[in-house]
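Engineer: Take this sequence and fold it.
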Amino acid sequence: PWRARQLAGRGGMRTPGLAGARPALHACRAPKLRLLRSGGQCVAAHRPAGPHSTPAPAPAATHPPPSPPSPSFGTEHEKLGYYLAAPHARLSYDTIEALLTSLCARFGWDPVTEAGRIIGATHTDGDGLQSVSLEPGGQLELSGAPLDTLHKTCAEAHSHLYQVKTCAADLGVAFLGLGFDPKWAVADVPRMPKDRYRIMRDYMPRVGGLGLDMMFRSCTIQVNLDFESEADMVAKFRASLALQPVATALFANSPFRDGADTGFKSWRSHVWTDTDGDRCGVPHFVFEPGFSFERYVDYALDVPMYFVSRGGAYLDATQQRVTFRDFLDGNNPVAPGQRPTLKDWETHLTTLFPEVRLKRYLEMRGADGGPWSEICALPALWVGLLYDAESLASALDLVADWTAADHDALRAGVPRGALATPFRGGTVGDVAKKVVALSAAGLARRGRDEARFVAPLVKIAESGVTPADALVAKFHGQWKQSVEPVYSPGFTY
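Structural biologist: Numbering: from 1, shown residues only. All right, here's what the predicted structure looks like:
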């Protein structure tokens, strides 16, 4: 149904969001209802029985549809800030405030504030909206604009890093290109003044052992990709979810924690396995027959809520288990008698953390943070695989007979073994070589001279040596079991 597509998201990197007021979803009180939107009003219609019902066909168009624009994608990357002076402590909020203020003053960004304190910045140019935001431990994240070539997204990353480094130099700070803080404990990391993080910080220890590690010590690179239709979403979701562990292996870059070798190649990825079972992991229903926008909405409705935002304040919804479905029924004790708005729904979707996340686009969430070259390589990998019909079909063929046990084995094994992880009589490295080749071929067929951007992954796949493998070798060799050398210019922005 159209309403489910809007709620889950449909081609949102090209499709504008709902304009004007966001009505309360007051019509959605009963379990077997679906939401439809007509003339700006929220109305209810009966949903056919069964959780995987086939969407009704759309009415015939009275005019031929316009030609679709070139598919776009957006890249996000996080960076861990630290002081250049030993002992290289993590940045305080006051320093980050000065950095963001400098970014706005020097480069024309607009500040984003909460309770009178700057917590981010936005910038709009001819390519669209970019934003810089703060993660719970002060990790600085760029959310890039939707762009249609890898050349543009790499230029965007280069421009952002130049601006950040220029501002950082005056403050005596720099940024690590790693997926996890190699040295400092959670207790050593300054807290950021964002109210939603207070609620999450208190909740995480109740539902998992490593949630605070995720919040305060991890960094990632993500790419967000578009889809043309529900069928296209399903194909891309299935291929990318199955192959997400391959991306985790290729980008593994977080072997250290508390100054020691963890024995994992991607400790960041492992952290997500013990964060919150309600909202993390591999959503196996994506591979089931009948998967649809509506099925994802059903999943999201039953994930417990973190909070409700009202009047600029975040109201804690974690003291008892309250799902968004409860909220639709008017049974949210922190907002008694209230119905959720579309903004509430959009916010709730950001608190789900599967390996691939569906919003108005698909988010690839499997990669560690890394150096500049890897910021460009991640979108290259997924654009080559998912934006070329032949490569997408080949990727789906590659994973067609993988079982739920296969997916679980990859999710559990890859954080430790990366490319060396045993899989179906071979290794993940064997699969990675095929995947990278498919991506390179897809990029070549796009005809935009983009295959160069996946070259670092070709080298990693062929050699079997991930960034984490190289770091561990140095740690046990020339670094004499010290992580201090990662704070040298070769590993920092």
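Engineer: Next up, the contacts around residue 197.
Structural biologist: Contacts for residue 197 (C-beta atoms under 8 Å, 6 or more residues apart in numbering) come out as 136, 191, 215. Just so you know, the C-beta spots here come from the backbone N, C-alpha and C atoms, and that holds for glycine as well.
Engineer: Among these, name the ones in helices.
Structural biologist: Among the contacts of residue 197, the members falling in helices (DSSP state H) are residue 215.
Engineer: Dump the contacts of residue 197 to JSON lines, plus neighbour count, pLDDT and distance to residue 247.
Structural biologist: As requested, the contacts of residue 197 are exported to JSON lines (neighbours: other C-beta atoms under 10 Å; pLDDT from 0 to 100; distance: C-beta to C-beta, whole Å):
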{"residue": "136", "neighbour count": "22", "pLDDT": "96", "distance to residue 247": "24"}
{"residue": "191", "neighbour count": "15", "pLDDT": "96", "distance to residue 247": "31"}
{"residue": "215", "neighbour count": "22", "pLDDT": "98", "distance to residue 247": "22"}
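Engineer: Closest one of the contacts of residue 197 to residue 182?
Structural biologist: The nearest member of those to residue 182, counting by C-beta to C-beta, is residue 215 at 16.9 Å.
Engineer: what residue ranges in the stretch 301-450 of the chain score low on pLDDT?
Structural biologist: Filtered on pLDDT under 70, the stretch 301-450 of the chain yields no residues whatsoever.
Engineer: let's go with 80 and repeat that
Structural biologist: 373 (pLDDT under 80).
Engineer: The stretch 101-250 of the chain too?
Structural biologist: 126.
Engineer: Identify the residues contacting stretch 148-159?
Structural biologist: 69-75, 77, 127, 130, 142, 144-145, 147, 372, 375-376, 379-380, 383, 443, 448-450, 453.
Engineer: Put the buried members of the residues you listed into a PyMOL selection.
Structural biologist: Under the burial definition 16 or more other C-beta atoms under 10 Å, those of those that qualify are selected in PyMOL by:
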select buried, resi 71+72+73+74+75+77+127+130+142+144+145+147+375+376+379+380+383+443+450+453
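Engineer: Residue 232: how many residues sit nearby?
Structural biologist: Using other C-beta atoms under 10 Å, residue 232 has 16 other residues around it.
Engineer: With residue 117 instead?
Structural biologist: Counted with other C-beta under 10 Å, residues neighbouring residue 117 total 13.
Engineer: Name the residue closest to the centre of the chain, please.
Structural biologist: Of all residues in the chain, the one closest to the mean position by C-alpha atoms, centre = their mean is residue 365, 4.2 Å from it.
Engineer: Assumed that one was part of a helix.
Structural biologist: No: with DSSP: H, G, I helix; E, B strand; the rest coil as the criterion, residue 365 is strand rather than part of a helix.
Engineer: so who does it touch?
Structural biologist: 220, 222, 244, 353, 354, 355, 356, 357.
Engineer: repeat for residue 444
Structural biologist: Residues in contact with residue 444 (C-beta under 8 Å, 6+ apart) are residue 451.
Engineer: most surrounded residue in the contacts of residue 365?
Structural biologist: residue 220 (26 neighbours).
Engineer: Quick check: strands, which of the contacts of stretch 148-159 are part of them?
Structural biologist: In this view, these that belong to strands under DSSP state E are 73, 74, 75, 77, 130, 142.
Engineer: Next, give phi and psi for residue 79.
Structural biologist: The phi and psi values for residue 79, taken as degrees, to the nearest 10, are phi -140, psi 140.
Engineer: Can we start the residue count at 47 from this point?
Structural biologist: Got it, the first residue is 47 from now on, which makes the last one we talked about residue 125.
Engineer: how deep is it tucked in, by neighbour count?
Structural biologist: Around residue 125 there are 25 other residues, counting by other C-beta under 10 Å.
Engineer: which residues does it contact?
Structural biologist: Residues in contact with residue 125, defined by C-beta under 8 Å, 6+ apart, are 185, 186, 187, 210, 221, 222, 223, 265, 415, 539.
Engineer: between these, which is closest to residue 407?
Structural biologist: For these, the residue nearest residue 407 by C-beta to C-beta is residue 187; the value is 16.6 Å.
Engineer: Can you tell me the closest non-neighbouring residue to the closest one?
Structural biologist: For residue 187, ignoring the flanking residues on the chain, the nearest one in space by C-beta to C-beta, 6 or more residues apart in numbering is residue 124 at 4.5 Å.
Engineer: now residue 150
Structural biologist: residue 157 (5.2 Å).
Engineer: In three-state terms, label that neighbour for me.
Structural biologist: strand.
Engineer: shouldn't it be in contact with residue 147?
Structural biologist: Yes: assessed by C-beta atoms under 8 Å, residue 157 is found in contact with residue 147 at 7.4 Å.
Engineer: Identify the contacts common to those two.
Structural biologist: Counting by C-beta under 8 Å, 6+ apart, the residues touching both residue 157 and residue 147 are residue 164.
Engineer: For residue 286, give me its contacts.
Structural biologist: When contacts are counted by C-beta under 8 Å, 6+ apart, residue 286 is found next to 271, 402, 408, 410, 428, 431, 432.
Engineer: What distance do you get for it to residue 454?
Structural biologist: Separation of residue 286 from residue 454 (C-beta to C-beta, to the nearest Å): 17 Å.
Engineer: returning to what we had before: and the residue nearest to residue 187, what is it in contact with?
Structural biologist: Residues in contact with residue 124, defined by C-beta under 8 Å, 6+ apart, are 181, 185, 186, 187, 265, 266, 267, 415.
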